[in-house]
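S.K.: Requesting a structural model of the entry that follows:
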Amino acid sequence: MTITTCGDRKPIPVEARGKHLVVDIHCHLGIPAADAVVQVKHPGPPPGINDFTSAKSTEVNRAQFATMGRTLNTLDQRLEDMDRLGIDVQALSPSPGQYFYFADAEVGRDAARIVNDGMAAAVAQHPDRFVGMGTVPLQNVGMAVAEMTRCVRELDLRGIEISSNVNGKDFHAEEFRPFFAAAEELGILLFIHPLGFTHAQRMSDYYFNNLIGNPLESTLAVGHLIFGGVLDRYPGLKICVAHGGGYIPGYWGRMDHGWRARADCSEHCAHPPSSYLRKLWLDTLVFDREELDSLVRTHGADRLCLGTDYPFDMSEPDPVGFHARLEEAARAKILGLNAADLLGIAVRA
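M.R.: Numbering: from 1, shown residues only. Next up, the predicted model:
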């Protein structure tokens, strides 16, 4: 197996407890100390976070967090749950509520440093079970590049989690070019995970801002990266997209047709959109085995990674069993080998 590392960092040795190595590329750890820092300057919930959430969804969310908060914010229950679920290694990423892009740049930078230090500390407690991903203050790209560099060179974090946009700005904007250039140079994985939907006026009921909004945000983020020429400009980027990549994998033919039929769709990307899509990695958090089979057919087993969304209610309850009917070689790749390659993990002999 080829190990992809960031710079000259050594592969992380881990143990496969079952037949296959199982790596969860999509799970979260909250760092409450970062929230406390942000609350001093920006008290209350983040702007817009509850603007389009129905009273019923708010009630359910409150009940969920009352029981799930400790699991999200500590390691106490986590190892037991990993063993129960058959997970050898979690790639810990920040809780999406801890992007803090809305904050003043200096506050966002300080909060990101606290989150990233917390991630590194968690990994240090169980280095054979955890690898870490960080966050960066993308409201100031210079600060984001500096913090991403620190994550790689000082903290040995193996990925950076980013949202699908930054305060409504999409990633094809020229201001984000230094960030993507630095990520390509550092060789670090970018994990795209949205936080609700940007314009959710029609998504307040039935938790649609998550059920429909999150995959739609991922679709928009990937669309801007492709059509905006970001993946042409930085072909060495390593990007994994949460929630099965959103809706593009199931409807990429329309984008390819638009690219062929319209000059405004092909202005910045040199190839059909589907050719870029297949250079991305996707998690397999789609909840339906026929959808999983479709991802394997259209995207390929080499570019899929198991993801659970632990410990949230929208997590996959049986991640290993969900992949059980796949062909053996494909299953081994998706369960852990692909993520191990992305994150610089090596199985002990």
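S.K.: From here on, just use CA atoms for contacts and neighbour counts.
M.R.: Fine.
S.K.: So which residues of the stretch 101-250 of the chain form strands?
M.R.: With DSSP state E, counting those that start in this stretch as the criterion, the stretch 101-250 of the chain has strands at 130-134, 159-162, 189-192, 238-241.
S.K.: could you dump the third one to CSV, C-alpha only?
M.R.: Which is strand 189-192. Included here for strand 189-192 are C-alpha records, laid out as CSV according to Å, rounded to 0.1, in the frame of the first residue of the first chain:
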residue,chain,number,x,y,z
LEU,A,189,-6.1,16.4,3.1
LEU,A,190,-9.0,18.9,3.0
PHE,A,191,-12.3,17.4,4.4
ILE,A,192,-15.3,19.3,3.2
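S.K.: That strand: partners in the sheet, and parallel or antiparallel?
M.R.: On the basis of DSSP bridges, the sheet neighbours of strand 189-192 come out as strand 159-162 (parallel), strand 238-241 (parallel).
S.K.: In TSV, list those along with distance to residue 263.
M.R.: Supplementary listing: those in TSV, determined by distance: least, CA to CA, whole Å:
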stretch	distance to residue 263
strand 159-162	30
strand 238-241	27
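S.K.: Need those strands in CSV (columns: distance to residue 331 and mean neighbour count).
M.R.: Compiled in CSV, the strands paired with strand 189-192 are given as follows (distance: least, CA to CA, whole Å; neighbours: other CA atoms under 10 Å):
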stretch, distance to residue 331, mean neighbour count
strand 159-162, 23, 25
strand 238-241, 18, 24
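S.K.: how about these, which one is nearest residue 210?
M.R.: Nearest to residue 210 among those is strand 238-241 (15.4 Å), distances taken as CA to CA.
S.K.: Reformat the strands of the stretch 101-250 of the chain as TSV; add mean pLDDT and distance to residue 344.
M.R.: Converted to TSV, the strands of the stretch 101-250 of the chain look like this (pLDDT from 0 to 100; distance: least, CA to CA, whole Å):
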stretch	mean pLDDT	distance to residue 344
strand 130-134	98	9
strand 159-162	98	10
strand 189-192	98	10
strand 238-241	98	13
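S.K.: can you tell which of the ones you listed is closest to residue 302?
M.R.: strand 238-241 (12.3 Å).
S.K.: For the very next helix or strand once past that closest one, buried residues please.
M.R.: In the C-terminal direction, the helix or strand that comes right after strand 238-241 (DSSP states H and E) is helix 252-261. Buried residues in helix 252-261, counting neighbours by 16 or more other CA atoms under 10 Å, are found at 252, 255-256, 259.
S.K.: still on that earlier bit, I'd like the strands of the stretch 101-250 of the chain as a markdown table, with distance to residue 71 appended.
M.R.: A markdown table is the format used below for the strands of the stretch 101-250 of the chain (distance: least, CA to CA, whole Å):
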| stretch | distance to residue 71 |
| --- | --- |
| strand 130-134 | 15 |
| strand 159-162 | 20 |
| strand 189-192 | 22 |
| strand 238-241 | 24 |
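S.K.: Which one, of the ones you listed, ends up nearest to residue 316?
M.R.: By CA to CA (comparing all of the strands of the stretch 101-250 of the chain), the closest turns out to be strand 238-241, at 16.2 Å.
S.K.: what residue lies at the spatial centre of the protein?
M.R.: In the chain, the C-alpha closest to the average C-alpha coordinate belongs to residue 191, at a distance of 3.4 Å (CA atoms, centre = their mean).
S.K.: Do you know the pLDDT at the closest residue to residue 230 other than its chain neighbours?
M.R.: Distance criterion CA to CA, 6 or more residues apart in numbering; nearest residue to residue 230, sequence neighbours excluded, is residue 172 at 6.1 Å. You'll see residue 172 listed with a pLDDT of 97.
S.K.: Counting neighbours, what do you get for residue 172?
M.R.: When neighbours are counted by other CA atoms under 10 Å, residue 172 registers 20.
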